[in-house]
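> pasting the structure only:
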RNA sequence: GGCCCCAUCGUCCAGCCUGGUCCAGGACGCGACCCUUUCAAGGUCGAGACACGGGUUCGAAUCCCGUUGGGGUCACCA
């Protein structure tokens, strides 16, 4: 090993890796799976698939304060829902089988369970004179940092004079062993570090840029940098694809790798192949984050407060059942609490932007639409279809076959919800009717139980026809309840839109059409939608009317409004008796 | 501010590596029209970009340099 002060540049060599190729996605379980994380996981998965390698999940729960098991499970479930399945990692039992059950024996896959390992490697690093206990408190460091900022200088932790690279810091070690609170810092190399990034090309970091960063915190847990390097080595990770925000961290990881040897084989740590992909932003250019939900809800609340001076934090708290202190903190942007945001949004009936995979799931997006769309954020197949157009619609199997690092772009992408919505609408349209019905029922059972119950209450034939008819009218599964509403309300509870009634029904012509329809209805076969449509056409021709003059009064009578699926289908779903009852009732109000 | 990354239609992507076939192609959105019993769906057409300035070259969206702009990161978070 070259001494740390060597002028020899530290490089991350792009050496070919023998099989198996291993990629990993390593989320920290501090919330739901973010769409950005989902894309990272997708790319890691796709690359491993395309290369015949393995895709691994590791849970980075070294932040004791913020990590939770529920979050870890939620992230795994979201990944599974998206169809991003892992070869190695925690086992997740699903109706389709246990994911991760065939993992390589390199676990545990939760970092909090690997503390012993980190400590062994840490002690070896200290004994090699490449790390040392440091006893300044976080507060003391903070003072130094503030001073540096005030002086407009970059703060770098000054290495204590008694620390000599390559020499075991015996005194510091015994103080630490005696129980004195401390962190452990890495002796940063003074040479240049070059990262041969597979997406960005070689990235050079000048000597002296890196300071002696912390590798173990006061609480005894390793920092992200240390845990990642140890685990990637011990778990055989060969390729690291991650977001560009990690690019700056990479020299630290490379430096660590070059300072460390395996305890079992004595081999030097390998440096994996790195690729840093561009970030994903909102359409306004800001970083997508959970805070966007709070921002949206706050805006809705402020708008309402402006319009209605009687409203304030107190009345809002009463209306939403929240604590007044929580509401005012939220309104003053002192808190971005998600629960508060959601309660406020519900109160003002505004939708919150989907940020996490779970949000999109709840809104009725299809996993295949999300993964397709996400894949295009930073990657493209660069292929033309038979018509000579760019290929942009593809499934997971296509990705698994064609994904490659060299087609990952470099520039950050903005998350265009409108385009995602279009992809989702297309994905729904592509579903066979039976599959659509099954997906909708599954979705409703989880996210809209009331609608699920209404669907279940429908006769099977009517439900089948209804769902087939609404399919092209749904851009998300969440659109379905609205489109289906006419069929879910009882004949007696159906409300006729007053404006529509005045315009098309409360006229001599309108009433006459409804009477004629009521007369004809019992003779029309309800299972044959074409019969109703034919009647509309014939009646219009016979009366010298436009089709709309006949169809709209009937539509209003049957559905309460001017917008609905085709009349034949509406009658087919409602049945003759119900249709007749609605027409009679409408006539009574005309 | 230091360090690092990036730069083609409003947005996502193709083209750039291997300069000419590019007065730049596809998709979403937008506009118009067609279809049509409403709403969707479907079809046709259209508007819409190589950030700027220097080079190199017979020739640059493509190569080089600079400027400007955008972003990331500067934690005992990951």
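Here it is on my side, so go on. All values reported here derive from a predicted model rather than from experimental measurement.

> Show me the beta-bridge partners of residue A:356.
Bridge pairing for residue A:356 (DSSP bridges) gives the partners residue A:34.

> quick one, what contacts it?
Residue A:356 makes contacts with A:31-35, A:78, A:290, as judged by Cβ atoms under 8 Å, 6 or more residues apart in numbering. For the C-beta atoms, the positions are set from N, CA and C on the backbone; glycine is no exception.

> give me that answer again for 10 Å
For residue A:356, the contact set (Cβ atoms under 10 Å, 6 or more residues apart in numbering) comprises A:31-38, A:74-75, A:78, A:288, A:290, A:293, A:338, A:362.

> Near RNA strand B, which residues of the stretch 151-300 of chain A are found?
Within the stretch 151-300 of chain A, the positions adjacent to RNA strand B are A:152, A:154-155, A:157, A:183, A:200-201, A:203-206, A:209, A:213-214, A:217-219, A:221, A:223-225, A:244-249, A:278-279, A:281, A:283, A:285, A:287 by Cβ under 7 Å from any atom of the strand.

> So how do I select the buried members of the contacts of residue A:356 in ChimeraX?
Selecting only the buried entries of those in ChimeraX, with 16 or more other Cβ atoms under 10 Å as the criterion:
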select /A:31,32,33,34,35,36,37,38,74,75,78,288,293,338,362
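
> Tell me where the stretch 201-350 of chain A has strands.
Assigned by DSSP state E, counting those that start in this stretch, the stretch 201-350 of chain A shows strands spanning A:201-205, A:214-216, A:239-243, A:273-277, A:280-281.

> Let me see the residues that make contact with the shortest one.
Surrounding strand A:280-281, the residues in contact under the criterion Cβ under 10 Å, 6+ apart are A:34-40, A:243, A:287-288, A:374, A:377-378, A:412-415.

> C-terminal to the helix or strand bottoming out on mean pLDDT in chain A, which secondary structure element comes first?
The weakest-scoring helix or strand in chain A, judged by mean pLDDT, DSSP states H and E, is strand A:10-11 (a mean of 38). The C-terminal neighbour of strand A:10-11 among helices and strands, as given by DSSP states H and E, is strand A:22-25.

> what's the average pLDDT for the helix or strand following that following strand?
Reading on from strand A:22-25 to the C-terminus, the next helix or strand found by DSSP H and E is helix A:35-50. On average, the pLDDT along helix A:35-50 is 96.

> quick one, helices of the stretch 251-400 of chain A?
In the stretch 251-400 of chain A, the helices defined using DSSP state H, counting those that start in this stretch lie at A:291-307, A:313-320, A:324-331, A:338-348, A:357-363, A:367-376, A:396-402.

> Would you tell me which of these gets closest to residue A:553?
Nearest to residue A:553 among those is helix A:357-363 (35.1 Å), distances taken as Cβ to Cβ.

> how far out from the middle of the chain is that closest one?
Mean C-alpha position of helix A:357-363 versus that of the full chain (Cα atoms, centre = their mean, to the nearest Å) differs by 8 Å.

> got it, and stretch A:383-398?
Mean-position distance between stretch A:383-398 and its chain equals 24 Å (Cα atoms, centre = their mean).

> Stretch A:568-585 now?
That offset, for stretch A:568-585, works out to 42 Å (Cα atoms, centre = their mean).

> Equivalent analysis for stretch A:150-167, please.
Centroid separation for stretch A:150-167 versus its chain: 40 Å, with Cα atoms, centre = their mean.

> quick one: terminal-to-terminal distance for that stretch?
One end of stretch A:150-167 to the other measures 35 Å (Cα to Cα, to the nearest Å).

> do the same with stretch A:126-142
Using Cα to Cα, the end-to-end distance of stretch A:126-142 comes out at 25 Å.

> in that stretch, what counts as buried?
Using 16+ other Cβ under 10 Å as the test for burial, stretch A:126-142 gives A:126, A:128-134.

> what is the rounded mean pLDDT of that stretch?
Average pLDDT, stretch A:126-142: 94.

> re earlier: which of the helices of the stretch 251-400 of chain A sits most buried?
helix A:367-376 (a mean of 22; mean count of other Cβ atoms under 10 Å).

> Counting neighbours, what do you get for whichever residue of the stretch 1-150 of chain A sits closest to RNA strand B?
Closest to RNA strand B within the stretch 1-150 of chain A is residue A:60: 2.9 Å, counting by Cβ to the nearest atom of the strand. Counted with other Cβ atoms under 10 Å, the neighbours of residue A:60 add up to 20.

> Can you report phi and psi for the single nearest residue of the stretch 251-400 of chain A relative to RNA strand B?
In the stretch 251-400 of chain A, the residue found nearest to RNA strand B is residue A:380; the distance is 3.1 Å by Cβ to the nearest atom of the strand. Main-chain dihedrals, residue A:380, degrees, to the nearest 10: phi -150, psi 150.
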